[in-house]
Structure formats: structure tokens, C-alpha cells
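A.B. asks: predicted coordinates and the sequence they were generated for:
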Amino acid sequence: MDSISNEQFEEFVVEGIDAIPERFAKEIDNVVIVVEDRPTPQQRVELGLRHHAYLFGLYQGIPKTKRWSYNMALPDKVTIFKAEIMDVARSVEHVRQMVINTVWHEIGHHFGLSDAQIHAIERKNKNLLGGSETDD
């Protein structure tokens, strides 16, 4: 697939944020969402990713379920990996759906949900996420 501009990709990230149901969106606290091309070699090693494995997004931080005495903490960080998504997307619309789903998935980790719990929610609420699942 041809590349899309950083601006268009970032618009998809904003769409992903806007697609988060209000009951969750109002509870998001101290999180920054950034776009990078690919995970660093260190991130790949820390996550135990195989050489050809794709990583669309990454949550780094302290989930809300584990925040005790949470003062003066750096923001949690959600990273969306543009080049990783572009490597597998088949169309601009597919990029859009993957980004929206990945934002939701990583915000799920902010709320303390595991990959299995997030995937169960995605399967149950396909309309919420446009019917497509992502890998963490």
C-alpha cells in the first residue's frame, strides 16, 4: 500500500480517541498518545517479539487499577506505530480501522485490562470498533 501523510495518520489517531465510549473517555487520566514509525530494538527485546512480528501499539505506564499513592507521576504513554500498521494495511480505510482499534486496545491497558480481556470486549462489541481486531 502507498504511504499516507503523517497528518492523515494523526487524524486517524484523533478519530480513535474520539471513538472511545464516553464512559471510558472521561476516566482517562494522565495519558499521552504519540505516533512513532516502529518500536525500538529495546522495546522489541523487552516484549519478546519475534523478528518478523508486528507491533501496532504499545502502552507504557501504570494502569489505573494499580495506582496507589499516584502523585507526581510521568504520564502513561500510548505509542501507535505507523510503519508497522502501514506494512500490513491493504487500503487507507484499513489503516484507519487499524489505528482506531489500536488506540482502543492500548487505552484498554490503561484501564488495567489484559490482551485477552480486550480481545473478548472487541469480539463482543464489533460495532464499537468497526468489526476489526488488532494485535497488541
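C.D. replies: Okay, I see it. Just so you know, these numbers come straight off a predicted model, no measurement behind them.
A.B. asks: next SSE after whichever strand or helix holds Glu7?
C.D. replies: Following DSSP states H and E, one finds Glu7 within helix 6-18. Beyond helix 6-18 on the C-terminal side, the first helix or strand identified by DSSP H and E is helix 22-25.
A.B. asks: helix or strand next in line after that next one, which one?
C.D. replies: Assigned by DSSP H and E, the successor of helix 22-25 is strand 31-36.
A.B. asks: kindly list the longest helix within the chain.
C.D. replies: Using DSSP state H to define each element, the chain has its longest helix at helix 92-110.
A.B. asks: buried set for that one?
C.D. replies: Buried positions in helix 92-110, judged by neighbour count with 16 or more other C-beta atoms under 10 Å: 95-110. C-betas here are computed from N, CA, C, even on glycine.
A.B. asks: returning to that earlier point: got the buried residues for the helix holding Glu7?
C.D. replies: Going by neighbour count (16+ other C-beta under 10 Å), the buried part of helix 6-18 is 9-10, 12-13, 16-17.
A.B. asks: tell me which of those residues is nearest to Phe81?
C.D. replies: Of all those, Phe81 sits closest to Phe9, with 10.5 Å by C-beta to C-beta.
A.B. asks: distance of the closest one relative to Leu58?
C.D. replies: Distance of Phe9 to Leu58, given as C-beta to C-beta, to the nearest Å: 16 Å.
A.B. asks: wait, isn't Glu84 in contact with Tyr54?
C.D. replies: Yes: here Glu84 lies in contact with Tyr54, judged by C-beta atoms under 8 Å, at a distance of 4.9 Å.
A.B. asks: between the two, which one's more packed in?
C.D. replies: Higher neighbour count among Glu84 and Tyr54: Glu84, with 21 against 16, using other C-beta atoms under 10 Å.
A.B. asks: element containing the more buried one?
C.D. replies: Secondary structure from DSSP H and E places Glu84 in helix 82-88.
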